[in-house]
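In: would you be able to build a 3D model of this:
(2 chains)
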2 protein chains.
Amino acid sequence: MCLLMKVLVAEKCGFCPGVRNAISLAEQTLAQEKDSFVYSLGSIIHNNDEVSRLAKLGLKTVNDVDEIESGTVLIRSHGVAPEQMSKLEAKGLKIVDATCVLVKKVQRIARQLQSEGYKVVVIGDENHPEVQAVVGCAEDVVVISDRSDIDRLPTDGKLGIVCQTTQSPEQFGKMLGAIGQGSFSELKVINTLCKEAINRQKSAIGLCKQVDIMIVLGGLESANTRTLAELCKKHNRSTFHLQNWNDLDKSVLCGKNTAGVTAGASTPEWIIKEFVDNLEAFSGVGQ
Amino acid sequence: MCLLMKVLVAEKCGFCPGVRNAISLAEQTLAQEKDSFVYSLGSIIHNNDEVSRLAKLGLKTVNDVDEIESGTVLIRSHGVAPEQMSKLEAKGLKIVDATCVLVKKVQRIARQLQSEGYKVVVIGDENHPEVQAVVGCAEDVVVISDRSDIDRLPTDGKLGIVCQTTQSPEQFGKMLGAIGQGSFSELKVINTLCKEAINRQKSAIGLCKQVDIMIVLGGLESANTRTLAELCKKHNRSTFHLQNWNDLDKSVLCGKNTAGVTAGASTPEWIIKEFVDNLEAFSGVGQ
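Out: Got it, this is the predicted structure:
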């Protein structure tokens, strides 16, 4: 048997207020709307375990507005583009908006930057729903995620720049540095990074330095968890991004004295507790 | 004797319109004010040879307003802080303003950014007169030139950023990248880099790749020439920053087949011509 000496959990990890609010709204809505359908347009959060738990309570996840005919629809924490929202309203559906307040703010900022004459640029993943919703808030938004994307920016342009809320300050800075070497005339950059996500990153990086192995718990599609895992990997090469206890290949624990555990902002407390309890039991901690 | 095959001169080099205007104004003023003193507050441009030439025509260079009692004062291309200008006006001096139009624009932008509620940040050399003049245009301006200076920026601040006109896009981008990793709330960045300087940089970098030795002509205190020399050094290790032909240690030419020559925006045509003529004669080109 492989023995671990200690399991340390990051001081800041797990649900952020935005995700907590979305889950709470989902639970309330499911309780109130027992006699009609309750939909989530896309996974309410990027965590399969939590989505499965809510599905058992009645939440139906669909990927397209056309799949909803009647009932209530939850707008997930990542938000939705205005065009989609109009479609939902046109269908006469009851809408429960669980968009994270910070994501709503990014959408407002994108509109504002456009009205001030800036070409809106989003630093982020163009396939992520949060980014897609922001893109829908202004015209011809350019999404960039790598230095090679800089060529797609207009020459001598006035650029209004926001960042996907769950990116790291390192990535934000790296991209601004690349833009700054280009031929812009003016940049207006609003720091739209989520402080909750940054605090989780700082807490995780601190923990990385104290442990022999680092576990990052969270959905594989969760942007903030992926950012967390990438950062942890830079500070501790023995970093593993897992969805839950079942994902753990126990052999990686061999020879490790201390394990660190952190979790993304969309990872529920019960997943973290289950993981830590199992890891401690497996390692013989407290026995 | 060391033989050079070819001497190539950068397509874009030497006087920029701002410097040409300053020299032309100095010459006109000296011609018009033959019967009174004509002063330059600080070297009219950062080129000792040109300053010596104008001194022979009567231009007196002083470093402090207190050294001027009467007559005409030329404001050099780097500009002057409003406080200094007020002092000159209070003395009842005739003022001939040869501040580069782009430098004047940076001063206006600094004032404007402050009036919009931004903390003004200048990326540049705090000891350079252009930067000192811009610093005088707003309150508590922060000048930064290195990543280590970032700690001096306010946390969560709204920063209004300009750049010393003669820095390189690489340095501008590097510093914006460093700021972007920090904890700002908003950045408004105006691209105040001089296109003339950038064109000289591009032209010099292109030439660097074609030659065995690269000569950058210009004042040792000239910011744009120093930037040019630093960039050239990155692209051709045999780069020498010289003031004129007399500075050249001829032994560095040995074994070189092609020499490239460029010059900063404050390097007069006659210095470049003298250098190229001497180099060609020394190398036996055309003989």
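In: every contact and neighbour count from this point should use C-alpha atoms.
Out: OK.
In: quick check: residues of the stretch 51-200 of chain A near chain B?
Out: Residues of the stretch 51-200 of chain A that fall close to chain B, judged by CA under 8 Å from any CA of the partner chain: A:169-182, A:184-191.
In: need the buried ones from these selected in PyMOL.
Out: Buried subset of these, written as a PyMOL selection, criterion 16 or more other CA atoms under 10 Å in any protein chain shown:
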select buried, chain A and resi 169+171+172+173+174+175+176+177+178+179+180+181+182+184+185+186+187+188+189+190+191
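In: what about the residues of the stretch 51-200 of chain A next to chain B, which are in helices?
Out: A:P169, A:E170, A:Q171, A:F172, A:G173, A:K174, A:M175, A:L176, A:G177, A:A178, A:I179, A:G180 (DSSP state H).
In: check the secondary structure at A:Q210 for me.
Out: coil (DSSP: H, G, I helix; E, B strand; the rest coil).
In: measure how buried it is and give me the count.
Out: When neighbours are defined as other CA atoms under 10 Å in any protein chain shown, A:Q210 has 14 of them.
In: what sits against it?
Out: The contact partners of A:Q210, by CA atoms under 8 Å, 6 or more residues apart in numbering or on different chains, come to A:T258, A:G260.
In: again, 7 Å this time
Out: Going by CA atoms under 7 Å, 6 or more residues apart in numbering or on different chains, A:Q210 touches no other residue.
In: quickly find the element holding A:H241.
Out: strand A:239-242 (DSSP states H and E).
In: so for that strand, mean pLDDT?
Out: For strand A:239-242, the mean pLDDT works out to 98.
In: what lies in contact with it?
Out: Counting by CA under 7 Å, 6+ apart, A:I213, A:M214, A:I215, A:V216, A:L217, A:G218, A:A229, A:C232, A:K233, A:L248 sit against strand A:239-242.
In: from those, pick the one nearest chain B.
Out: A:C232 (17.2 Å; CA to the nearest CA).
In: how close does that closest one get to A:K209?
Out: Separation of A:C232 from A:K209 (CA to CA, to the nearest Å): 9 Å.
In: comparing the two, which residue is more hemmed in?
Out: Using other CA under 10 Å, the more surrounded residue of A:C232 and A:K209 is A:C232, with 27 against 14.
In: which stretches of the stretch 101-250 of chain A form strands?
Out: A:119-123, A:142-144, A:158-163, A:186-190, A:213-217, A:239-242 (DSSP state E, counting those that start in this stretch).
In: which of these sits closest to B:E27?
Out: The minimum distance between B:E27 and the strands of the stretch 101-250 of chain A falls on strand A:186-190, with 36.5 Å, by CA to CA.
In: would you give the sheet partners of the closest one, along with the direction of each?
Out: Paired neighbours of strand A:186-190 in the sheet (DSSP bridges): strand A:158-163 (parallel), strand B:186-190 (antiparallel).
In: in JSON lines: these, plus mean pLDDT and distance to B:A10.
Out: JSON lines is the format used below for those (pLDDT from 0 to 100; distance: least, CA to CA, whole Å):
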{"stretch": "strand A:158-163", "mean pLDDT": "98", "distance to B:A10": "31"}
{"stretch": "strand B:186-190", "mean pLDDT": "98", "distance to B:A10": "29"}
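In: output these in JSON lines; the columns should cover distance to A:V80.
Out: Converted to JSON lines, the strands paired with strand A:186-190 look like this (distance: least, CA to CA, whole Å):
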{"stretch": "strand A:158-163", "distance to A:V80": "17"}
{"stretch": "strand B:186-190", "distance to A:V80": "25"}
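In: could you list the low-confidence segments of the stretch 51-200 of chain A?
Out: Under the criterion pLDDT under 70, no range of the stretch 51-200 of chain A is flagged.
In: circling back: closest one to B:N224 among the strands paired with strand A:186-190?
Out: With CA to CA as the criterion, B:N224 lies closest to strand B:186-190 of those, at 19.1 Å.
In: returning to that earlier point: partners of the strand holding A:H241 in the sheet?
Out: Checking strand A:239-242 against DSSP bridges gives partners strand A:213-217 (parallel).
In: quick one: distance of the partner strand to the chain centre.
Out: Centre-to-centre, strand A:213-217 and its host chain are 17 Å apart (CA atoms, centre = their mean, to the nearest Å).
In: my guess is A:V19 meets A:S266, correct?
Out: Yes - applying CA atoms under 7 Å as the test, A:V19 and A:S266 come out as touching, 6.1 Å apart.
In: looking at the strands of the stretch 101-250 of chain A, which is buried most?
Out: Of all the strands of the stretch 101-250 of chain A, strand A:213-217 has the most neighbours on average by mean count of other CA atoms under 10 Å in any protein chain shown, namely a mean of 27.
In: can you confirm A:L74 is in a strand?
Out: Yes - A:L74 sits within a strand when classified using three-state DSSP.
In: residue contacts, it?
Out: Contact analysis of A:L74 by CA under 7 Å, 6+ apart lists A:Y39, A:S40, A:L41, A:I95, A:V96, A:D97, A:A98.
In: how does it look with 8 Å?
Out: Per CA under 8 Å, 6+ apart, neighbours of A:L74: A:A26, A:V38, A:Y39, A:S40, A:L41, A:I44, A:I95, A:V96, A:D97, A:A98.
In: for A:G219, same thing?
Out: A:H46, A:N47, A:N48, A:T225, A:L242, A:Q243, A:S266, A:T267.
In: for A:A133, which non-adjacent residue is closest in space?
Out: Distances taken as CA to CA, 6 or more residues apart in numbering or on different chains place A:A81 nearest to A:A133, at 4.0 Å, with adjacent residues excluded.
In: that neighbour against A:V131, yeah?
Out: No - assessed by CA atoms under 8 Å, A:A81 is found out of contact with A:V131, at 9.4 Å.
In: ok, those two, which is more surrounded?
Out: A:V131 (25 against 19).
In: roughly how far apart are that one and A:V121?
Out: Going from A:V131 to A:V121 by CA to CA gives 11 Å.
In: next: A:G14.
Out: A:G14 is 29 Å from A:V121, by CA to CA.
In: my guess is A:K94 contacts A:G71. True?
Out: Yes - here A:K94 reaches A:G71: they are 6.3 Å apart, a contact under CA under 8 Å.
In: show me the contacts for A:A265.
Out: A:C13, A:G14, A:F15, A:C16, A:V19, A:E196, A:A197, A:N224, A:T225.
In: a markdown table for these, including neighbour count?
Out: Output for the contacts of A:A265, formatted as a markdown table (neighbours: other CA atoms under 10 Å in any protein chain shown):
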| residue | neighbour count |
| --- | --- |
| A:C13 | 26 |
| A:G14 | 26 |
| A:F15 | 19 |
| A:C16 | 20 |
| A:V19 | 24 |
| A:E196 | 19 |
| A:A197 | 25 |
| A:N224 | 27 |
| A:T225 | 31 |
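In: adding distance to B:T155, write those residues out as CSV.
Out: CSV is the format used below for these (distance: CA to CA, whole Å):
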residue, distance to B:T155
A:C13, 24
A:G14, 26
A:F15, 26
A:C16, 23
A:V19, 27
A:E196, 17
A:A197, 18
A:N224, 23
A:T225, 26
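In: list the ones among the residues you listed that fall in helices.
Out: A:V19, A:E196, A:A197, A:N224, A:T225.
In: if anything else comes up later, I'll come back, but that's it for now.
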